[in-house]
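> A structural model of the following input is requested.
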Amino acid sequence: FFSTLMAEAAHVLFAEGKYTGAIKQYTALIKADTCTAVHLCNRALCYLSLNMGNKALKDADEALKLDPNCGVAHVRKAEAYV
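Numbers count the residues shown, from 1 in each chain. Reported below is the predicted structural model:
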């Protein structure tokens, strides 16, 4: 339940353009052992929004380790190279 609230808060922050705040929320989710490929992909999108491609690439790679079939992770990885 707590992780759901944190994820929702991160989504709201992202929608409001508060990428740094969203990154903090996703990082807390990842550190709280509720890490999923989706959380990593969402944080990667925040990094991309801040022109932090190297960090986005790292998250995309970690997401692919958790779920090699995660299409969004492949997209984030490609976006990080642009």
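
> Would you state the helices of this protein in chain order?
2-15, 19-31, 37-49, 53-66, 71-81 (DSSP state H).

> so what secondary structure elements neighbour the shortest one?
In terms of contacts (3 or more CB pairs under 8 Å, 6 or more residues apart in numbering; DSSP states H and E), helix 71-81 is packed against helix 37-49, helix 53-66. Placement of C-beta: from N, CA and C, glycine included.

> How about residues contacting the shortest one?
Contacts of helix 37-49 with the rest of the structure, by CB atoms under 8 Å, 6 or more residues apart in numbering, involve 7, 10-11, 14, 17, 19-20, 22-23, 26-27, 29-30, 53, 55-57, 59-60, 62-64, 66-67, 70, 72-73, 76, 79-80.

> just the buried members of those?
7, 10, 14, 19, 22-23, 26, 29-30, 53, 55-57, 59-60, 62-64, 70, 72-73, 76, 79-80 (16 or more other CB atoms under 10 Å).

> quick revisit: export the helices and strands packed on helix 71-81 to CSV and append columns for distance to Ser3 and mean pLDDT.
As requested, those are exported to CSV (distance: least, CB to CB, whole Å; pLDDT from 0 to 100):
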stretch, distance to Ser3, mean pLDDT
helix 37-49, 9, 97
helix 53-66, 15, 97
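
> Of those helices, which is nearest Phe2?
helix 37-49 (13.7 Å; CB to CB).

> quick one: buried residues of the closest one?
Applying 16+ other CB under 10 Å to helix 37-49 flags Ala37, Val38, His39, Leu40, Cys41, Asn42, Arg43, Ala44, Leu45, Cys46, Tyr47, Leu48 as buried.

> nearest spatial neighbour of the fourth one, skipping sequence neighbours?
Just to be clear, that refers to Leu40. The shortest distance from Leu40 to any non-neighbouring residue, by CB to CB, 6 or more residues apart in numbering, is to Ala63 (3.9 Å).
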